[in-house]
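Engineer: Sequence and predicted model, in that order:
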Amino acid sequence: MIVNWNGKHLLGECLESLRRQTFQDFEIVIVDNDSRDGSVEYIRERYREVNLVTLPVNKGFAGGNNAGIRIASGSYIALLNNDTKTDPTWLENLIKEAESNPAAGMLACKILSYSDPDIIDNVGLLIYRDGLARGKGRLERDRGQYDQKGEALFPSGCAGLYRRNLLEETGLFDEEFFAYADDVDLGLRGRLTGWGCVYVPAAKVYHKYSSSSASYSSLKAFLVERNRVWVLLKYYPAELIVASAYFTAKRLLLQFYGALSGKGASGRFTAENSMFHAVTVLLRAWCSALAATPQVLRQRWEFAKKKRIGRREFYRLIREFGISASEIALRD
């Protein structure tokens, strides 16, 4: 499943790598989000095996994937960014693990930097106590520290495998998110309904980070902050929602320091924009998130009927797959 928006320059390498997969019993579904760069014509001319869905408007990562999932026929849904190249055994290793582990509703990949394969992009996601998430191992040099198969919290939306049964039980991506944290939203739903997630290090993907969107754009900053509030309100225990004010304040103080010192994403963002603009984006994100609070709380109540794990297991996940404020704030 690939969502594309004006990514014609990226599609060739991605699709050629899929043609070279050792496991070949799969269909390629590409959802085009109203591209204007000739992507649709390019796919139709060169990749006739692709099941192409064209949308009249850009529905983002969430809406695009949902459109594709609805027409896909497989028992598993593999998500893949258009700015990636897959190892030839990527799908073979994912399917082999999924078939041998029916309790795993999600499988995370070993995602490496395309420009420097010795640098890790992520090996699944970690989560902060106010709802923000970050890739595990991001920007670490690969010394084999993540070469053992094991439990992951949930996959990055960049590349991962989802069991169709999980999607039918928990629902598809929340299209209100549009992009960013939609994989966190879906992953938490999967974990809270009792599904496991396995990290498969042999399933390798090479990622051109933020090739589909600017790394430090205002839109990305807005969506990341707004959507993490929605994740918090939808799934966190009530006491953690209250306590999140402390964790958010701690993170923001460190991000303020990062903006002043040029460290982390906040430092890069303010270098490209300004401190005033960063604060404005933050306030807009909070206002947007709070305006939707009644709808989000209704979703929380409806999802509560499906939950199969209690607070103890949620806190275990937070402990084992939590991330510090400094790592969130001061690293790229």
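Structural biologist: Yep, it's here. Residues are numbered from 1 along each chain as shown.
Engineer: What's the biggest strand in the chain, counting residues?
Structural biologist: Looking across the chain with DSSP state E, the single longest strand is strand 196-207.
Engineer: Now that one - C-alpha only, PDB.
Structural biologist: This file holds the C-alpha atoms of strand 196-207, laid out as PDB (Å, rounded to 0.1, in the frame of the first residue of the first chain):
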ATOM      1  CA  GLY A 196       0.900  -7.700  19.800                       C
ATOM      2  CA  CYS A 197       3.600  -6.200  17.700                       C
ATOM      3  CA  VAL A 198       6.800  -7.900  16.600                       C
ATOM      4  CA  TYR A 199      10.000  -6.100  15.400                       C
ATOM      5  CA  VAL A 200      11.500  -8.000  12.400                       C
ATOM      6  CA  PRO A 201      15.100  -6.900  11.900                       C
ATOM      7  CA  ALA A 202      15.500  -8.900   8.700                       C
ATOM      8  CA  ALA A 203      12.700  -6.900   7.000                       C
ATOM      9  CA  LYS A 204      14.800  -3.900   5.800                       C
ATOM     10  CA  VAL A 205      13.700  -0.700   4.200                       C
ATOM     11  CA  TYR A 206      15.800   2.300   3.100                       C
ATOM     12  CA  HIS A 207      14.000   5.700   3.600                       C
END
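Engineer: correct me, but P155 touches G105?
Structural biologist: No. P155 is not in contact with G105 according to C-beta atoms under 8 Å; the separation is 10.4 Å. C-beta coordinates here come from the backbone N, C-alpha and C atoms, glycine included.
Engineer: shared neighbours of the two, anything?
Structural biologist: Here P155 and G105 have Y162, C197 as joint contacts, going by C-beta atoms under 8 Å, 6 or more residues apart in numbering.
Engineer: With neighbour numbers in mind, choose between these two.
Structural biologist: Legend: neighbour count by other C-beta atoms under 10 Å for P155 and G105, higher for P155 (31 against 27).
Engineer: Would you agree the more buried one falls within a strand?
Structural biologist: No. Going by DSSP: H, G, I helix; E, B strand; the rest coil, the assignment for P155 is coil, not a strand.
Engineer: contact partners of the helix or strand bottoming out on mean pLDDT in the chain?
Structural biologist: None of the helices or strands of the chain scores lower by mean pLDDT, DSSP states H and E than helix 264-272, at a mean of 85. Helix 264-272 has contacts (C-beta under 8 Å, 6+ apart) with 215-216, 221, 255-256, 258-262, 277-278, 329-332.
Engineer: Put the buried members of those into a ChimeraX selection.
Structural biologist: Per 16 or more other C-beta atoms under 10 Å, the buried members of the contacts of helix 264-272 correspond to this ChimeraX selection:
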select :216,221,255,256,258,259,278,329,330
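Engineer: ok, which pair from the contacts of helix 264-272 is furthest apart?
Structural biologist: Using C-beta to C-beta, the pair of the contacts of helix 264-272 lying farthest apart is H277 and R331, separated by 21.5 Å.
Engineer: quick one, helices of the protein?
Structural biologist: Per DSSP state H, the chain carries helices over the ranges 8-19, 39-46, 60-71, 90-100, 164-170, 182-192, 218-235, 238-261, 264-272, 275-291, 293-304, 311-320, 325-330.
Engineer: Packed most tightly, which of the ones you listed would that be?
Structural biologist: Highest mean neighbour count among those (mean count of other C-beta atoms under 10 Å): helix 182-192, with a mean of 25.
Engineer: now that one: mean pLDDT?
Structural biologist: In this model, helix 182-192 has a mean pLDDT of 98.
Engineer: Stretch 225-232 too?
Structural biologist: Per-residue scores along stretch 225-232 average to 98.
Engineer: and stretch 64-81, how far from the chain's centre?
Structural biologist: 15 Å (C-alpha atoms, centre = their mean, to the nearest Å).
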